[in-house]
Each structure stands twice: as structure tokens, then as C-alpha cells.
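Colleague: sequence unavailable; structure follows:
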DNA sequence: CGTCATCGTCGAACCGGTTCGACAATCAGG
DNA sequence: CCTGATTGTCGAACCGGTTCGACGATGACG
């Protein structure tokens, strides 16, 4: 494999001149530049990433830490990842995907060894043990998800509070007065998944203001538990006319449950979910939903991260916490209530 | 950040001695080793990945090239990826996930620049343009999926031919004589997705031998096309009593279609799919299926790749093409046929 | 008691880039 | 014609590891 020394020899110049000719960081005569470029082309020269990283203290690689918990719904994760990898590539970066269970150790490893120029963290917990490590790291970091303490990091997330309010308002306006909200399983909350209670508490508050009865329950993330839960809920609360679903697995399981019970949506039951359009298409979900925009979030996180990586000025800017406003995509799964 | 020079100074030895003490590649007195380890600990020393890569010509990173085509079913991909990243980490490697659309350019970039010690390729096409690049690369490569020409690379895949035969035999034994096989969309075939015709042709051949009528059709990968296709098929072939599904999106869409038509499985229709247990659980699919074992395939590919990376002896071994035998997981979705 | 291994450590070179300071050649201005 | 600035190139140092060869000290042995 050709080194820059080979290119220089082939072009009849010194290594430094070859380097300058290729990078353009100093004026080089047209004649010499041509020779160097031709030599690089002829030898199929590609700079050695390790050597360049050593010299420039830049790897052009971003770290992406994603945790896959047993009780989480893996398919939903894929789109966050693609949002990150695709945007990173557009900006000239590759992505190191780390799925190690011990996130703290993983983060330490990739930051201390200088494998990456910056890190995107996913599956953020309320009191995430990785955050202190990331704050102390020499590389900047961006989060997809809102932790309890945002200091020292850029944060991007869906506005789950507003999402809860939008859902309640929408059904309230249609005349619904008794609703059920199904969230994630309880372990997700115990693990610090703030998005669960952020949406739930805001929805409860808004329901109270509107005089709507809202029953908030934990969901499940696996079959057959999900199906059973749905049946039990519909049995227990026959007066409920609307369902709010903040849990991909539950949304995916609902169609067969309504079928089994002979319920028609929206005639007998109104439904609003919270997931991505991509997810809706994949699982052919027929419900109106709040777009969770995973690719946009991943993309935003990367853009901000790269800004900080590449500019010392940007690195000194105050940290941002940016929420995407929930957008309700109508699929006609809500209607005025009708007593069952 | 501490360098090995800092550690050496702190321990009162030379840089080379510090290096040997940490790596154990030469005998070092107990006394000195202790001092070096203590210094490394105190300074929180972590070797610089770029410097090490430059010196050793090893990065401890594997490349993973995955393509996400519009018409492919993304959720199924996640498990292959996890199989790769988790196994890689167990063996001491990190994973560079590359999802760039231009696979050839991406592969060139990561191999030429020596960012990775080896590469796993997914979504292999019959005549995959990336293979010549990978064969010529200095790093070893492993494929998850079977191309037309396997030379120079290790290949791992499900035995799709046998899977097709197992499906046909299973239903034939139960007494079925008219079956439908739904594969992937036609573009997947045009793109060179050999697994489509490998399963299909073997199934057709076996059906011929058994005197069974097997209608093989292309599928769809998106709603609402998938649902429409299924309805049309069941309308057009009322005499068919068994469905073979080699397409995750179709399998995921089938339950609601059978519900809508009031068909019961297996009483009115027998069904066998081909996907992973993980996928079945996620989508709560109630069908018997051939396990496609994505995590096992990813894991096998990485193990072989790392063997070749780490041992010159292994690098000289003949290349392997290894098929996982299809295992039929029974979920009770097949029964003797009953005329509809 | 001299000789030869062995053991433990050190200095120096190397991996392949980037970048700083120096310097020769060219050119414009006084 | 001399001076000073500008342009283009080069050599050397550096980034932070690893590894080779050498060398002094120690111990075994004849």
C-alpha cells in the first residue's frame, strides 16, 4: 500500500510538499500539484487513518452508544441508528456502533483511547451513569433523549409533554371523556426512562384540566403479555372510548386484539399512537399517531456534534436542549365516541 | 491525557520498559512491573488507538457493511447487526457500521485507509460489486449471504434450498397438494438477492417430485401493497390450502388479512414462514417457521473473520462456505388440509 | 577466577502522516 | 542596484505507541 512517501518520490518532491499539495494548506505551484495528484492517483494512495489520527488528533469517527435491553423494542431503534450513520457520513464521518451492555465501560474505552471525535448517546436514563463520563471526556457529546441533568451536553428529544397534551386535547375535542393511556413496562420507568412519565404526567394534568378521566397503565413489550394486557384492559374498562399508546409493541399488537374482539376503529374505539411514520408503514398500523421522528433526532444530534468537533468557537457555545414538536399525523383512527 | 511516556516517567523507567511491562512481551522484574502498573493506574493511562494502530498495523475494529434498500424490511436487519457487534466485542473488537448507499466506495474507503482489520458484508447480491474490492483488500472478509462466486472469502448463510424442501415436505406429509409460496418483491431478485430463488427453485423442484402444485409469486415489502397482494392471492387460488412465506413483511401482514377474511389458521389455511424467533416474538407471529438465525450467522462470520485476522496460519486456510441447516420451529400453524 | 548465558532495562528507530521554521528564487519598489 | 516582501519547497520534529539490538549486571560453570 502506497504511503505519502511513495507519492512524494514518484512526483519527485519531498514528503511535506506532497502533503501540502494534497491538502492545499500552503501554496504549491501548479506544476508540482499536478505531478503530486497524478502520482497519488497512479499509486492509488489513501492516507493511513491511524497515522492521520495520530498527527491531527482527529479520527473522523463518531461513537454511537445504543443499549438493547431485553424488554425494549428493537425494531424502533434501527431508525435512530440510520439517522445517525447517514448524517455522519454526509458530514464526512464514520460511525462506531457500540452495543455493549456495560455502557460506562464502553464509553470510557472509546473516549480515553481517542478512537472517536465525539459521541452520540441513545437510550438516555433519568440518572444516566454514562453522563458524568461523557462530560469529563475530551470529546463533545450529544444525547438523543432527555436526562435529569442536561448540563455540559447537547440534548435532542421529542417534546413528550406536549405529545401527551396533544393526544388528550385531540380526543377531548371529539367528545371523549374516558381514556386509557398505555405506556411502557414498569422496568423501563425503574431504569429511568423519563419519556414514559413525561408524556404520562402531562397527559394526566391536561385530562384533569379538561375534566376527562384518564387511566394511565404500564404496558408490556412482548407477546403474549401484550395481547393479554390489552384484552384485560378493554374488559375492565368498557366505558373507555379512546386509547392513547406510548409504546411501539402495544401499538403493533393492537390490530389483532381489536379484530379478535370485533371492535372497529374508530367506530367503537378511537386510537392515537406515538411512533414514527417508518414504523407505522413497516407494521402497517392504521392509527393516527404522533410522529416521533427518530431519524430527524439522530440527524440533529450528529449535526450539532460535528459542529462542536470542527470549530473551537462552536465548542464554546452554550449547550442546547432542543425539543421536536409533536406532529399529529391523521390516519382516521379517531372519531366522536359511541358507547360500547 | 496521559501517554506511555508519562507512565514511564512516573514509574522511573524508559518508555520501552513501560511498554513491555504493560504488554508482558518481555520479562520484566516484579518490582518494575508493579511500579509501571501503579503509575498507569494512577494516571488513568489508556493507549492512544491511532498510535497503536500505526505501530502494530492493527486497529481492533471490524467493518460492517449493511445496505438499507427502500424495499427491504429494516427490522429484520437489526438482529444481524447485533450478532456482529456483540460477538466482535466479546473478541475484543469494536464495529464500524457503514450504511452508505455506495457500498463499493465505502468498502474502499475503510479498507484502503486501514481503519479496520477485517470486514463483514451483509445483503450479498449474486454478482456483488463489492466482492472484487474485498478480495483485493489486504484485510480478510466474511460474508453473511451467498454470492455467485465465493472464492477468496468466507461465506455464511442459511441453507435456503433445504429450507424450501423442508417447507414443502412438511405440508406434503400433512396431505396438502396445492400450495402458494410468497417470496420477496421482484426488485430484490433483480438486485441479485439469491436467497429468493434458492429457496423457491428448491421448493418447486421438491413439489414436482412430490406431485404437489406449488405456485410461486413475488411479494411486496410495504403496506398497503402487501395486504392487497395477500387478498388477491387468496381470492385467485381458493383451492390452495397452504402458504409458504419467505418474506418478513408478508408474514407480518398476514394475521390481519386472515382475520379480515375470517380464515382460521391452521383449520382453513396452513402457514409456514421463514424468519427468526426474535422476529416472531416482536411481531407476535403465530406461525410455524424456519429459523433464519441471523444472530448466529453474524456471530459465525465474526468468529471466522477474527481467526483470520489474528493468526497468519488461519489466514492461509482454505475459505469456507458454511450453511446453517434450517430448523423448523413448530407453532401449530399447520394441519391436514380441509377444502375451503 | 575468567567465561559464557541469562535476565532486565534502555536507547533508538520505525509506523505514516502533518506542520513549523528556514531558505532559495523571484519580483516589485525605492 | 540594493532591499524587502512573496512564493514555493524542503528538512526536521512531532504525534504516541511498539520493537529490535545492545549492554550492564548477575549467576552458573569449568
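Modeller: Happy to help now that I have it. Keep in mind the model is a prediction, meaning the values are calculated, not measured.
Colleague: contacting residues around residue A:311?
Modeller: Applying C-beta atoms under 8 Å, 6 or more residues apart in numbering or on different chains, we find residue A:311 in contact with no residue. Heads up, the C-betas are built off the backbone N, CA and C, glycines and all.
Colleague: try it again with 10 Å
Modeller: Listed by C-beta atoms under 10 Å, 6 or more residues apart in numbering or on different chains, the contact set of residue A:311 reads residue A:317.
Colleague: quick one, phi/psi of it?
Modeller: Backbone geometry at residue A:311, expressed as degrees, to the nearest 10, gives phi -130, psi 130.
Colleague: quick one: it from residue B:64, how far?
Modeller: According to C-beta to C-beta, to the nearest Å, residue A:311 and residue B:64 sit 30 Å apart.
Colleague: neighbours around the residue lying closest to residue A:47 once chain neighbours are set aside, how many?
Modeller: Nearest residue to residue A:47 in three dimensions, chain neighbours excluded: residue B:113, at 6.4 Å (C-beta to C-beta, 6 or more residues apart in numbering or on different chains). If you count neighbours by other C-beta atoms under 10 Å in any protein chain shown, residue B:113 ends up with 18.
Colleague: in this structure residue B:113 contacts residue A:44, no?
Modeller: No - Residue B:113 lies out of contact with residue A:44 (C-beta atoms under 10 Å); the separation is 11.8 Å.
Colleague: what touches both of those two?
Modeller: Going by C-beta under 10 Å, 6+ apart, residues that sit against residue B:113 and also against residue A:44 are residue A:1.
Colleague: tell me where the stretch 51-200 of chain A has helices.
Modeller: With DSSP state H, counting those that start in this stretch, the ranges of helices along the stretch 51-200 of chain A come out as A:74-90, A:103-112, A:130-136, A:160-174, A:186-190, A:194-210.
Colleague: kindly reformat these as CSV and extend each row with mean pLDDT, distance to chain B and mean neighbour count.
Modeller: Output for those, formatted as CSV (pLDDT from 0 to 100; distance: least, C-beta to the nearest C-beta, whole Å; neighbours: other C-beta atoms under 10 Å in any protein chain shown):
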stretch, mean pLDDT, distance to chain B, mean neighbour count
helix A:74-90, 92, 4, 23
helix A:103-112, 97, 4, 20
helix A:130-136, 98, 10, 18
helix A:160-174, 98, 23, 22
helix A:186-190, 92, 16, 15
helix A:194-210, 97, 20, 20
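Colleague: could those helices go into a markdown table alongside distance to DNA strand C?
Modeller: Listed next are those as a markdown table, based on distance: least, C-beta to the nearest atom of the strand, whole Å:
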| stretch | distance to DNA strand C |
| --- | --- |
| helix A:74-90 | 20 |
| helix A:103-112 | 20 |
| helix A:130-136 | 26 |
| helix A:160-174 | 43 |
| helix A:186-190 | 45 |
| helix A:194-210 | 41 |
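Colleague: quick one, which of those helices gets closest to DNA strand D.
Modeller: Minimum separation from DNA strand D across the helices of the stretch 51-200 of chain A (C-beta to the nearest atom of the strand) falls at helix A:103-112, 9.3 Å.
Colleague: just how off-centre is stretch A:242-251 within its chain?
Modeller: 19 Å (C-alpha atoms, centre = their mean, to the nearest Å).
Colleague: show the average pLDDT along it.
Modeller: Here stretch A:242-251 scores 94 as its mean pLDDT.
Colleague: please see if that stretch touches chain B.
Modeller: Yes - Stretch A:242-251 lies within reach of chain B by C-beta under 10 Å from any C-beta of the partner chain, at A:248, A:249.
Colleague: tell me how many other residues crowd residue A:332.
Modeller: For residue A:332, using other C-beta under 10 Å, the count is 10.
Colleague: would you mind listing what in the stretch 1-150 of chain A touches DNA strand D?
Modeller: Counting by C-beta under 7 Å from any atom of the strand, the residues of the stretch 1-150 of chain A close to DNA strand D are A:12-17, A:20, A:26-29, A:31-33, A:51, A:54-55.
Colleague: just the buried residues of these.
Modeller: A:13, A:17, A:20, A:28, A:32, A:33, A:51, A:54 (16 or more other C-beta atoms under 10 Å in any protein chain shown).
Colleague: centre-most residue in chain A?
Modeller: Nearest residue to the geometric centre of chain A (C-alpha atoms, centre = their mean): residue A:80, 4.0 Å.
Colleague: so how far is residue A:72 from that residue?
Modeller: Counting by C-beta to C-beta, the gap from residue A:80 to residue A:72 is 12 Å.
Colleague: what is in contact with these two at once?
Modeller: residue A:123.
Colleague: surely residue A:277 and residue A:293 touch.
Modeller: Yes - if you go by C-beta under 10 Å, residue A:277 and residue A:293 touch, sitting 8.5 Å apart.
Colleague: what about the residue of the stretch 101-250 of chain A found nearest DNA strand D, distance to residue A:49?
Modeller: Residue nearest to DNA strand D within the stretch 101-250 of chain A: residue A:114 (7.8 Å; C-beta to the nearest atom of the strand). Separation of residue A:114 from residue A:49 (C-beta to C-beta): 12 Å.
Colleague: what touches both of those two?
Modeller: Joint contacts of residue A:114 and residue A:49 (C-beta under 10 Å, 6+ apart) are A:59, A:61, B:50.
Colleague: most surrounded residue in those?
Modeller: Those, ranked by neighbours (other C-beta under 10 Å): first place residue A:59, 26 neighbours.
Colleague: which one is that residue nearest to, not counting chain neighbours?
Modeller: Using C-beta to C-beta, 6+ apart, the closest residue to residue A:59 is residue A:53 (4.5 Å).
Colleague: let me see the contact set for that neighbour.
Modeller: Contacts of residue A:53 by C-beta under 10 Å, 6+ apart are A:47, A:59-61, A:114-115, A:117, B:48-51, B:53-54, B:115.
Colleague: ok, which of those also contact DNA strand C?
Modeller: Answer for these near DNA strand C (C-beta under 7 Å from any atom of the strand): A:47, B:51, B:54.
Colleague: give the contact list for residue A:227.
Modeller: Applying C-beta under 10 Å, 6+ apart, the residues near residue A:227 are A:220, A:250, A:253, A:254, A:256, A:257, A:260, B:284.
Colleague: before we move on, what about residue A:253?
Modeller: Applying C-beta under 10 Å, 6+ apart, the residues contacting residue A:253 are A:219-230, A:245, A:247, A:283, B:283-284.
Colleague: ditto for residue A:241
Modeller: A:171, A:174-180, A:266, A:268-270, A:334-340.
Colleague: from these, which are also near DNA strand D?
Modeller: Okay, of these, nothing touches DNA strand D (C-beta under 7 Å from any atom of the strand).
Colleague: list only buried entries from these.
Modeller: A:171, A:176-180, A:266, A:268-270, A:334-335, A:337.
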